[in-house]
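> Generate coordinates for the sequence data below:
(4 chains)
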2 protein chains.
Amino acid sequence: MGARGRPRGFDRDEALAKAVDLFWRHGYEGVSIADLSAGMGIASPSLYAAFGCKEQLFFEAVERFGETNGNRMVSALIGANTARAGVAAMLNAMAECVTTDGKPTGCMITLAATNCSPANDRVVEKLCENRRAVVDALKLRLARAVGDGELPGTTDVDSLATFYATVLNGLSLQARDGATRDALLATVDHAMAAFERVARTNGAPA
Amino acid sequence: MGARGRPRGFDRDEALAKAVDLFWRHGYEGVSIADLSAGMGIASPSLYAAFGCKEQLFFEAVERFGETNGNRMVSALIGANTARAGVAAMLNAMAECVTTDGKPTGCMITLAATNCSPANDRVVEKLCENRRAVVDALKLRLARAVGDGELPGTTDVDSLATFYATVLNGLSLQARDGATRDALLATVDHAMAAFERVARTNGAPA
DNA sequence: CTTTTTCTGTATCGATCCCTAAATAAACCG
DNA sequence: CGGTTTATTTAGGGATCGATACAGAAAAAG
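Numbering: from 1, shown residues only, chains lettered A, B, ... in the order given. Just a heads-up that it's a prediction; the model follows:
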């Protein structure tokens, strides 16, 4: 029942981590199998034997990215005591993630498949699902805030969630354009004005 | 001095317009010469004779996109009587542009080269310059608002400009993910809360 | 007319794309 | 040891990439 046949000559986890870095840095279509083969340190037949095809490798890379980076945003959102603190923590976590030295700038989920040939629309759709999950988490948390009285009952939860998704994803574009971490953190602070204005609209406690 | 030799058998402007549509819809690397040739209705030698190479055609397409779409945003920003109205008009113009039936969703300047292979970094840089010009226009307008007394003298013009650039570009990502025009217009309204909060910080008139 | 110039259509070019067949190497089991 | 299983190496296949060579066609110039 133990490992049969010739053992794998490379560390699958390390190879996947390198693939994440490449896809994150250059996007799905910006990375070729030759790039992956060179970066992961394995020949293409080993790559295909271990990961299937380019698309499957990318899907695994997306999952790994979530475990090591992406999920932190939603965790920050859910982990805070108030929706306001949660949203701020999520945005700040993203601002820091996309401007961390040694990591590619920008978020892989946001940027890795924004412009693709129609042949790869499954890849586009996969990332879109991931982003939709973030929006859903935002809506859920904001709706709870309405129930808790943190936000007034008249709050348009959907539009507020869309606004924060816009900022969340926009941070990646600004990071790619060279925005510094401080500039993005200040951007997040500006974004929180919307929350405060909504909270103030009717008879909601501060 | 008149037209010598065999006359061109297609309308250069119409062909360029079709190229704009393709690059806009699928991005620089998402469109092949074969796609362009088919879409523009001309064989590839005619394409190369008229436009140079793929990169030069893209640059012309970017310029045309600005004339027919992109410049409207900055015009809206500059044309208004107040900075607040200008920023709102710019964001609203973008929200409408990226959700117009018959046009590709999202802004070409924002999305057409977000993930590229390193071989095409000149294309990436070109679009980045265009986006920087928008941020500069924002900073200029906000600085004037400080001079006019519309915003307090303590205003951090750069961070406020970065915030609105974040929203402006983020709108394209949301549009790609299926956000409706109404959702984006509501998003713009939320974004204006930041302006109002800054205007209210110190002794500035409403 | 002939010559010159420019564009068009066919038929590619070499490079690169993603992927795989075939032979070899390294582990297991008996 | 031989036999089985799995991974690696080498080499390359079919398709597509961006870009062109070449010959023919359509205009102006002489």
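> which parts of whatever helix or strand residue A:183 lives in are buried?
Using DSSP states H and E, residue A:183 falls within helix A:181-201. Across helix A:181-201, burial judged by 16 or more other CB atoms under 10 Å in any protein chain shown covers A:183-195, A:197-199. From N, CA and C alone the C-beta is placed, and that goes for glycine too.
> what's that helix in contact with?
A:83-84, A:87-88, A:91-92, A:95-96, A:98-99, A:150-152, A:154-155, A:160, A:163-164, A:167, A:171, A:174-175, A:179, A:206, B:156, B:158-160, B:162-163, B:166, B:190-191, B:193-194, B:196-198 (CB atoms under 8 Å, 6 or more residues apart in numbering or on different chains).
> Give me the subset of the residues you listed that lies in strands.
Per DSSP state E, strands hold no members of these.
> Any of those residues buried? List them.
Buried by 16+ other CB under 10 Å: A:83-84, A:87-88, A:91-92, A:95, A:98-99, A:150-152, A:155, A:160, A:163-164, A:167, A:171, A:174-175, A:179, B:158-160, B:162-163, B:166, B:190-191, B:193-194, B:197-198, out of the contacts of helix A:181-201.
> Low-confidence stretches in chain A?
When residues are selected by pLDDT under 70, those of chain A lie in A:1-2, A:202-206.
> give me the residue from it nearest DNA strand D.
Nearest residue of chain A to DNA strand D, counting by CB to the nearest atom of the strand: residue A:5, 1.9 Å away.
> longest helix anywhere in chain A?
Secondary structure of chain A per DSSP state H: the longest helix is helix A:121-148.
> can that helix be found next to DNA strand C?
No: with CB under 7 Å from any atom of the strand as the criterion, DNA strand C is not reached by helix A:121-148; the gap is at least 11.2 Å.
> And for stretch A:59-69?
No: counting by CB under 7 Å from any atom of the strand, no contacts exist between stretch A:59-69 and DNA strand C, the nearest distance being 12.0 Å.
> near DNA strand C, which residues of chain A show up?
Residues of chain A lying near DNA strand C by CB under 7 Å from any atom of the strand: A:2-7, A:29, A:31-35, A:44-45, A:48, A:53-55.
> Helices along chain A, start to end?
Using DSSP H, helices in chain A cover A:12-26, A:33-40, A:44-51, A:54-65, A:71-79, A:83-97, A:108-111, A:121-148, A:157-176, A:181-201.
> so which of these gets nearest residue B:40?
For residue B:40, the closest of the helices of chain A is helix A:121-148, at 22.7 Å, according to CB to CB.
> can that closest one be found next to chain B?
Yes: residues of helix A:121-148 are located near chain B by CB under 8 Å from any CB of the partner chain, namely A:128, A:131, A:132.
> chain center to that helix, what's the gap?
Centre-to-centre, helix A:121-148 and its host chain are 11 Å apart (CA atoms, centre = their mean, to the nearest Å).
> now swap in stretch A:87-104 and tell me
10 Å.
> Next: stretch A:104-117.
From the chain centre to the centre of stretch A:104-117 is a distance of 9 Å (CA atoms, centre = their mean).
> And residue A:98, how close does it get to residue B:194?
Here the criterion is CB to CB, to the nearest Å. By it, residue A:98 lies 20 Å from residue B:194.
> about what we covered before: can you list the residues of helix A:121-148 next to chain B in TSV and add neighbour count?
Output for the residues of helix A:121-148 next to chain B, formatted as TSV (neighbours: other CB atoms under 10 Å in any protein chain shown):
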residue	neighbour count
A:128	17
A:131	20
A:132	13
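> could I get the residues you listed as JSON lines with distance to residue A:139?
JSON lines is the format used below for these (distance: CB to CB, whole Å):
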{"residue": "A:128", "distance to residue A:139": "16"}
{"residue": "A:131", "distance to residue A:139": "13"}
{"residue": "A:132", "distance to residue A:139": "10"}
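> Of those residues, just say which sits nearest to DNA strand C.
Lowest distance from DNA strand C to these (CB to the nearest atom of the strand) belongs to residue A:128, with 20.5 Å.
> mind saving the C-alpha coords of stretch A:144-153 as CSV?
The C-alpha trace of stretch A:144-153 is given here as CSV (Å, rounded to 0.1, in the frame of the first residue of the first chain):
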residue,chain,number,x,y,z
ARG,A,144,-26.2,40.9,9.8
ALA,A,145,-25.2,44.4,10.6
VAL,A,146,-28.6,45.6,9.7
GLY,A,147,-30.1,42.9,11.9
ASP,A,148,-27.8,43.9,14.7
GLY,A,149,-28.8,47.5,14.4
GLU,A,150,-25.3,48.6,13.4
LEU,A,151,-26.7,49.8,10.1
PRO,A,152,-30.2,51.2,9.6
GLY,A,153,-33.0,49.0,8.3
